[in-house]
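Visitor: Whatever this is, show me its structure:
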Amino acid sequence: MIEERKYFNTFDALRFLAFFKVFIFHIPIWGFPVFDFLKNGGGTAVSFFFSLSGFLITYLILKEKESTGTFNLKAFYFRRILRIWPLYYSMLLFAFLTPYILSIVSIDASGAGYDPDWFMSIAFLENYKMIFTNDFPNVSPLGVVWSLCVEEHFYIIWGLLLYVVSVRNVHWLIIASIFIANVSRYVFYLNGWSFLDVFTNIDYFAYGAISAILFIKKKAIVDTVLEGISSSSKVFILLACIGIFITLPNLDFQYNALIEPTISGIIFLIVLTLVVFDGKLFSISKTNILSRLGIYTYSLYLTHTIIINLFVKIFEKMNISLINPFQALGFVTVCLLGTIAASMVTYYLIEKPFLKLKTRITL
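Guide: Coordinates of the predicted model:
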């Protein structure tokens with residue numbers, strides 16, 4: 001059966017806003033208090049991507065199981081491959097060629113980080129290389145592909161589990177995921193390892209899945225509850241969630257790394273609930289500029305560190321300092337515009353042709 005995907009208004013816009021948080025996190029500018037405050041927590045924004053994936057993947061699988069009584073696991077994996085692999089491996093090829101490209105244009109490469117381990121990159125194991133070396137690869141965009149490795153591992157695990165778990169018992173899977181994530185983070189925390197694997201992040205997917213389950217099984221009840229909440233109260237809840245989301249990464253207290261994920265996951269669940277049900281607080285249409293840009297989020301994510309590092313070298317060659325606020329703003333602007341341009345090119349040349357195959361091929 002061909003996967004019928006409902007379009008959820010606002011999701012593309014939310015993706016772009018999450019990307020923008022990651023983008024400013026990687027901007028090498030410090031010393032501006034408000035900017036510094038906002039840029040912290042790029043990893044938290046990546047976690048929101050996980051929750052969005054948890055919602056959409058769970059929704060698609062459970063909807064198919066509910067309507068047909070079964071789930072085409074092979075087709076599911078094939079469509080995930082078409083979505084992720086073409087651009088991912090194109091970016092790996094670019095990373096492999098980067099040293100040669102830099103030598104041709106007489107730009108020095110950064111010495112920070114470890115030399116690429118191409119087997120680990122190709123096998124979607126870059127995240128484990130980063131965990132065990134406590135370092136990052138020295139070629140863009142390999143430093144950000146850890147999250148794609150987590151996504152791939154989630155697809156494999158979640159697809160298999162939902163293939164065998166009935167719709168009525170899926171809540172046990174959610175409970176187990178949240179438990180496993182918290183135990184895994186505690187073990188990683190004790191060993192000083194970064195939370196870059198699927199098990200330390202699987203509760204983010206689970207929190208998104210909760211909203212999907214409610215949407216499929218309890219939609220009428222949730223709609224009634226939401227409609228009984230005043231618009232001003234919903235606005236207050238949303239603003240509180242945004243405020244906590246931005247503030248959490250700036251707090252420094254013992255066990256923050258263990259507490260923050262659960263708070264963030266609950267925030268993501270609340271935000272998703274506020275935008276997908278009929279009693280939603282707001283809806284951002286697909287024609288909105290944020291939604292239009294959100295279409296390119298995958299390309300934006302994979303190209304932004306390349307563009308940022310390129311303009312760092314260009315500004316250095318031009319002796320332009322980023323201490324001046326106007327020059328710093330100019331740097332952020334050209335990096336963002338350059339990333340958008342690069343993402344549009346990669347989207348239409350690489351992503352879109354393969355995405356079209358998702359609706360043409362049946363398994």
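
Visitor: what's around Tyr255, how many residues?
Guide: When neighbours are defined as other Cβ atoms under 10 Å, Tyr255 has 9 of them. To be clear about C-beta, it is placed using only N, CA and C from the backbone, and glycine gets the same treatment.

Visitor: what sits against it?
Guide: With contacts taken as Cβ atoms under 8 Å, 6 or more residues apart in numbering, Tyr255 has the following neighbours: Tyr189.

Visitor: Quick check: which element contains Ile156?
Guide: In this structure, Ile156 sits in helix 146-164 according to DSSP states H and E.

Visitor: In which helix or strand does the nearest residue in space to Trp30 that is not next to it in sequence reside?
Guide: In space, Trp30 comes closest to Asp36 once its chain neighbours are excluded; the distance is 5.9 Å by Cβ to Cβ, 6 or more residues apart in numbering. Assigned by DSSP H and E, Asp36 belongs to helix 33-39.

Visitor: Just after that helix, pick out the following helix or strand.
Guide: Next helix or strand after helix 33-39 toward the C-terminus (DSSP H and E): helix 42-68.

Visitor: quick one: Glu152 and Arg83 touch, right?
Guide: No: the pair Glu152 and Arg83 fails to qualify as a contact (Cβ atoms under 8 Å) at a distance of 10.5 Å.

Visitor: for the helix holding Ile156, packing partners?
Guide: helix 42-68, helix 73-104, helix 126-133, helix 170-191, helix 202-217 (3 or more Cβ pairs under 8 Å, 6 or more residues apart in numbering; DSSP states H and E).

Visitor: what's the most buried one of these?
Guide: Mean neighbours per residue, mean count of other Cβ atoms under 10 Å, is largest over the helices and strands packed on helix 146-164 for helix 202-217, with a mean of 24.

Visitor: Now do that one: which elements does it pack against?
Guide: Counting by 3+ Cβ pairs under 8 Å, 6+ apart, helix 202-217 packs on helix 42-68, helix 146-164, helix 170-191, helix 256-276.

Visitor: Columns distance to Lys218 and mean pLDDT on top of those helices, output as a markdown table?
Guide: Formatted as a markdown table, these follow (distance: least, Cβ to Cβ, whole Å; pLDDT from 0 to 100):
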| stretch | distance to Lys218 | mean pLDDT |
| --- | --- | --- |
| helix 42-68 | 12 | 92 |
| helix 146-164 | 18 | 96 |
| helix 170-191 | 11 | 96 |
| helix 256-276 | 11 | 93 |
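
Visitor: In CSV, list those along with distance to Leu336.
Guide: As requested, these are exported to CSV (distance: least, Cβ to Cβ, whole Å):
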stretch, distance to Leu336
helix 42-68, 15
helix 146-164, 20
helix 170-191, 32
helix 256-276, 24
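
Visitor: Among those, which comes closest to Leu238?
Guide: helix 256-276 (6.0 Å; Cβ to Cβ).

Visitor: May I have whichever helix or strand comes after the closest one exported as CSV, CA atoms only?
Guide: As assigned by DSSP H and E, the chain's next helix or strand after helix 256-276 is helix 289-294. Coordinates of each C-alpha in helix 289-294 appear next as CSV, following Å, rounded to 0.1, in the frame of the first residue of the first chain:
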residue,chain,number,x,y,z
ILE,A,289,7.6,32.0,4.1
LEU,A,290,8.6,29.9,7.1
SER,A,291,6.7,26.9,5.7
ARG,A,292,8.2,27.4,2.3
LEU,A,293,11.7,27.5,3.7
GLY,A,294,10.9,24.5,5.9
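
Visitor: Tell me how far helix 289-294 lies from the chain's centre.
Guide: Centre-to-centre, helix 289-294 and its host chain are 16 Å apart (Cα atoms, centre = their mean, to the nearest Å).

Visitor: thinking again about what came up before, between the helices and strands packed on helix 202-217, which gets nearest to Val345?
Guide: Judged by Cβ to Cβ, the one of these that comes nearest to Val345 is helix 146-164, at 19.4 Å.

Visitor: so who does the spatially most central residue of the chain touch?
Guide: Closest to where the C-alpha atoms of the chain average out (Cα atoms, centre = their mean) is Phe49, at 3.0 Å. Taking Cβ under 8 Å, 6+ apart, we find Phe49 in contact with 15, 18, 147, 151.
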